[in-house]
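**Student:** What would the 3D arrangement of this be:
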Amino acid sequence: MSNKLGVSKRVNSMQFPRSPRKGPSNSRTQAGRAKRLKLKLSKPSALRGKDLCECLIRSSVDGILAFDREFRYTVWNPAMERISGMSKTQTLGRCAFDVFPFLKETGEDKFLREVLLGKTVIARDRPYRVPETGREGLFEGYYSPFRDPDGEIVGGLAIIRDTTERKRAEEALRESEERYRDLVENSGILIGIHDMKGRVLNVNRAVAELSGYSSAEQVVGRNVADFLSPDVRELFRAYLQEVLTQGRARGFMKVRTRSGEQRILEYENSLRKEGLDEPVVRCIGRDVTEQKRAERALRESEERFRTMANAAPVMIWMSGPDALCTFFNQPWLDFTGRSMQEEIGKGWMDSVHPDDLQRCRDTYLKAFKARENFEMKYRLRRADGEYRWILDAGAPRFEPRGAFAGYIGSCSDVTELKQAEERLRQLSGRLIKLQEQERQRISRELHDTTASSLTALIANLALVRRSAEALDARARKALTESLDLARQCVREIRTVSYLLHPPLLDELGLTSALRWYTEGFAKRSGVRVELDVPAKFDRLPRDAETALFRIVQEGLTNIHLHSGSATARIRIARTAGQITLTLRDQGRGIPAKILEGSADNIQGLGVGIAGMRERVRQLGGQMEISTGKKGTTVTATLPLPGDES
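**Tutor:** Here you go, the predicted model:
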């Protein structure tokens, strides 16, 4: 049968000529090789006829096979082995339908039968599956009848090409093109192409919708200039020239839609020449009409704000989200005598008094970090060089969507108010001193005069009682009661005298005065008082001792009248440079109205919480009050200049 096919049985077993064996690279060997090569070239080629046919079959990158009239394989080249994974020994002599059952399953057998009828068949992208190797994919086959020298069909010849990878690549390319087409078509970005005359060649849906058309086909073929606003059409020729000479153009374009509405587009277009007979322009753009309107509205709003801010009677500043100042109104610039460029950023700090700068910066940054309102006072240098006290109040700014935008603040010159407050403090200090002096004078008058007179009265009444036998019983009783009342008056006057100004405070100091006062207070009120004072406690300045004593006196009175606490604890601690007094109870707490020191709760200077605070402030100290359901704690700290204890 192979003779009838005209193909030698040696097709799949023929050997290619071997390359000359490598030997020593000496001159004799090289000369011998050259001689043999010359003889070989002088002879006719040995690859003639059958040998040439066999070599071509073996060397083909496409699979080549042949079958006889019983569909038995007679030729199976190396490319077929590579495609199918089956060697020639596994296929030659076997029926094609046994080797590849899929031929009948897919109807491929009809192609082979048609070949034996003398037809030439081309099968494209047909599936294949090799059961013995598990390989599967797609192939295309070119089938033709094989005739003997007499023209009789003795079998078939097929050229097989595996198209699996090509089809996968084509499918991937198709999917990629589809995704790209879908992306372009459904993109909100304006995408299109026009030629160098402005004629529209292609646009996506976004361009059509913006132009007022229902489909891209209604836009294609028109000229770009037709879509431009009439007042800018004259610029289109310059645009085309820029693209042609520069290779690209970018900017803003004012267009008019089908309904007559004007829109603003931002574009970035580029020239394409590669692979084209005529260059075209690739267009990428977006509708920025609303953005431009918003920017214009923002500029107008900022202009209105600047006009209002510059007309305001206070100084106004603004900062961004980075805490750096971005704006100062004209009153601020007039006050400092500096320009906007000098003030923005951190420049404004140059005018702040050096002693206030760190405190000012810390207050601002602390509030900035917490995004909360703040208020502070500092000295700011005026244009004439004088430092003026400024009250600065700032509040955080937020954009409509809630994003933090920075701070805005207003400043007022409160120098006169500050001076008035200072004069008021000085007056308060003098009044407190006068009050203490008056208390001391009244205490001394009560002790030295009134108490002495009552003592003399007691002596006289005692003398009368010794001679009272002549009196009746009623008179003797009245005399005894009068003597008792006089003695009670002496005790009360001495108590009042001591409370107004305890002599122990001047004679023995704060510790003795507090012990005497707390013992008497506990007896009078029933409140148990614990006093914690260091064993070694030196005398303090007179004003400090008086202030601390009055704070204890006022605090214990409040506990007795308002707190409802059964106990009170007093602790005094002395450290280097300061002394701290802590007064704590376990009562119901202080109402906020009283704690804030409102006028309704102040009966007079030196009375109540306001008086306690004023005494501490006069000495340069600080007083803090913390209150709640579990009681109240008053902490007063006074500086002791030059104290090294």
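**Student:** before we move on, what SS does residue 342 have?
**Tutor:** The assignment at residue 342 comes out as helix when based on DSSP: H, G, I helix; E, B strand; the rest coil.
**Student:** Just give the nearest non-adjacent residue to it, would you?
**Tutor:** Nearest residue to residue 342, sequence neighbours excluded (CB to CB, 6 or more residues apart in numbering): residue 350, at 7.7 Å. No exception for glycine: its C-beta is placed from N, CA and C like everyone else's.
**Student:** and if you look at residue 612?
**Tutor:** Closest residue to residue 612 apart from its sequence neighbours, by CB to CB, 6+ apart: residue 551 at 5.1 Å.
**Student:** For that neighbour, give me its contacts.
**Tutor:** If you count contacts by CB atoms under 8 Å, 6 or more residues apart in numbering, residue 551 has them with 581, 583, 612, 615-616, 623, 634, 636.
**Student:** let's go with 10 Å and repeat that
**Tutor:** 570, 581, 583, 611-613, 615-616, 623, 634, 636, 638 (CB atoms under 10 Å, 6 or more residues apart in numbering).
**Student:** What of residue 544?
**Tutor:** Contact partners of residue 544, counting by CB under 10 Å, 6+ apart, are 510, 579, 615, 619, 621, 638-640.
**Student:** please redo it, this time with the cut-off set to 6 Å
**Tutor:** Taking CB atoms under 6 Å, 6 or more residues apart in numbering as the contact definition, residue 544 lies against residue 638.
**Student:** Which element, helix or strand, includes the residue nearest to residue 612?
**Tutor:** Applying DSSP states H and E as the criterion places residue 551 in helix 542-558.
**Student:** Can I get that helix in CSV, CA atoms only?
**Tutor:** Taking Å, rounded to 0.1, in the frame of the first residue of the first chain, the C-alpha atoms of helix 542-558 are listed here in CSV:
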residue,chain,number,x,y,z
ARG,A,542,1.9,87.5,107.1
ASP,A,543,-0.3,88.0,104.0
ALA,A,544,0.1,84.3,103.1
GLU,A,545,-0.9,83.1,106.6
THR,A,546,-3.9,85.4,106.6
ALA,A,547,-5.1,84.3,103.2
LEU,A,548,-4.8,80.6,104.0
PHE,A,549,-6.5,81.0,107.3
ARG,A,550,-9.4,82.9,105.7
ILE,A,551,-9.7,80.1,103.0
VAL,A,552,-10.0,77.5,105.7
GLN,A,553,-12.4,79.6,107.7
GLU,A,554,-14.7,80.2,104.6
GLY,A,555,-14.4,76.6,103.4
LEU,A,556,-15.4,75.1,106.7
THR,A,557,-18.3,77.5,107.0
ASN,A,558,-19.5,76.4,103.5
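**Student:** still on that earlier bit, looking at the contacts of residue 551, which are in strands?
**Tutor:** Among those, DSSP state E puts 570, 581, 583, 623, 634, 636, 638 in strands.
**Student:** So residue 518 lies in a helix, does it not?
**Tutor:** Yes: applying three-state DSSP, one finds residue 518 inside a helix.
**Student:** distance of it from residue 536?
**Tutor:** In this view, residue 518 and residue 536 are 20 Å apart by CB to CB, to the nearest Å.
**Student:** So for these two, which sits in the more crowded spot?
**Tutor:** Comparing residue 518 with residue 536 by other CB atoms under 10 Å, the one with more neighbours is residue 518, at 20 against 7.
**Student:** what's downstream of the helix or strand hosting residue 422, the next helix or strand?
**Tutor:** Here residue 422 sits within helix 415-445, counting by DSSP H and E. Counting by DSSP H and E, the element after helix 415-445 in chain order, helix or strand, is helix 451-466.
**Student:** Which strands and helices lie in contact with that following helix?
**Tutor:** helix 473-500 (3 or more CB pairs under 6 Å, 6 or more residues apart in numbering; DSSP states H and E).
**Student:** State the mean pLDDT of the helix it packs on.
**Tutor:** Per-residue pLDDT values over helix 473-500 give a mean of 76.
**Student:** Stretch 349-363 now?
**Tutor:** pLDDT averaged over stretch 349-363 gives 94.
**Student:** same thing with stretch 290-309?
**Tutor:** Across stretch 290-309, pLDDT averages out at 87.
**Student:** need the contact list for residue 579.
**Tutor:** 638, 640.
**Student:** isn't residue 399 right next to residue 405, touching?
**Tutor:** Yes: counting by CB atoms under 6 Å, residue 399 touches residue 405, with 5.1 Å between them.
**Student:** Residue 323 is in contact with residue 368, correct?
**Tutor:** Yes: Residue 368 lies in contact with residue 323 (CB under 6 Å); the separation is 5.2 Å.
**Student:** More neighbours: which of these two?
**Tutor:** Applying other CB under 10 Å to residue 368 and residue 323 shows that residue 368 carries more neighbours, namely 19 against 14.
**Student:** Now the helix or strand containing the more buried one - C-alpha only, CSV.
**Tutor:** Residue 368 belongs to helix 354-370 when assigned by DSSP H and E. Extracted in CSV, the C-alpha atoms of helix 354-370 (Å, rounded to 0.1, in the frame of the first residue of the first chain):
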residue,chain,number,x,y,z
PRO,A,354,8.4,87.3,73.5
ASP,A,355,7.1,86.5,77.0
ASP,A,356,3.7,85.5,75.6
LEU,A,357,4.8,83.7,72.4
GLN,A,358,5.2,80.2,73.8
ARG,A,359,2.0,80.2,75.8
CYS,A,360,0.2,81.6,72.7
ARG,A,361,1.6,79.0,70.4
ASP,A,362,0.8,76.1,72.9
THR,A,363,-2.8,77.3,73.4
TYR,A,364,-3.4,77.5,69.6
LEU,A,365,-1.8,74.2,68.7
LYS,A,366,-3.6,72.4,71.6
ALA,A,367,-7.0,73.7,70.4
PHE,A,368,-6.1,73.0,66.8
LYS,A,369,-5.3,69.4,67.5
ALA,A,370,-8.6,68.9,69.4
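**Student:** which residues sit against that helix?
**Tutor:** For helix 354-370, the surrounding residues in contact (CB under 6 Å, 6+ apart) are 323, 352, 374, 376, 378-379.
**Student:** per-residue confidence at the closest residue to residue 162 other than its chain neighbours?
**Tutor:** The shortest distance from residue 162 to any non-neighbouring residue, by CB to CB, 6+ apart, is to residue 83 (4.8 Å). Listed pLDDT for residue 83 reads 91.
**Student:** just checking, what packs against whichever strand or helix holds residue 83?
**Tutor:** Using DSSP H and E, the element containing residue 83 is helix 78-84. Helix 78-84 sits against strand 63-68, with contacts defined as 3+ CB pairs under 6 Å, 6+ apart.
**Student:** Give the pairing partners of the next helix or strand after the strand it packs on; include direction for each.
**Tutor:** Next helix or strand after strand 63-68 toward the C-terminus (DSSP H and E): strand 73-76. Strand pairing for strand 73-76, determined by DSSP bridges: strand 63-68 (antiparallel).
**Student:** With just CA atoms, put the strand it pairs with into CSV.
**Tutor:** In CSV, the C-alpha atoms belonging to strand 63-68 read as follows (Å, rounded to 0.1, in the frame of the first residue of the first chain):
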residue,chain,number,x,y,z
GLY,A,63,1.7,18.0,11.0
ILE,A,64,1.6,15.8,7.9
LEU,A,65,-0.1,12.5,7.8
ALA,A,66,-1.4,10.1,5.2
PHE,A,67,-4.0,7.3,5.3
ASP,A,68,-5.0,4.6,3.0
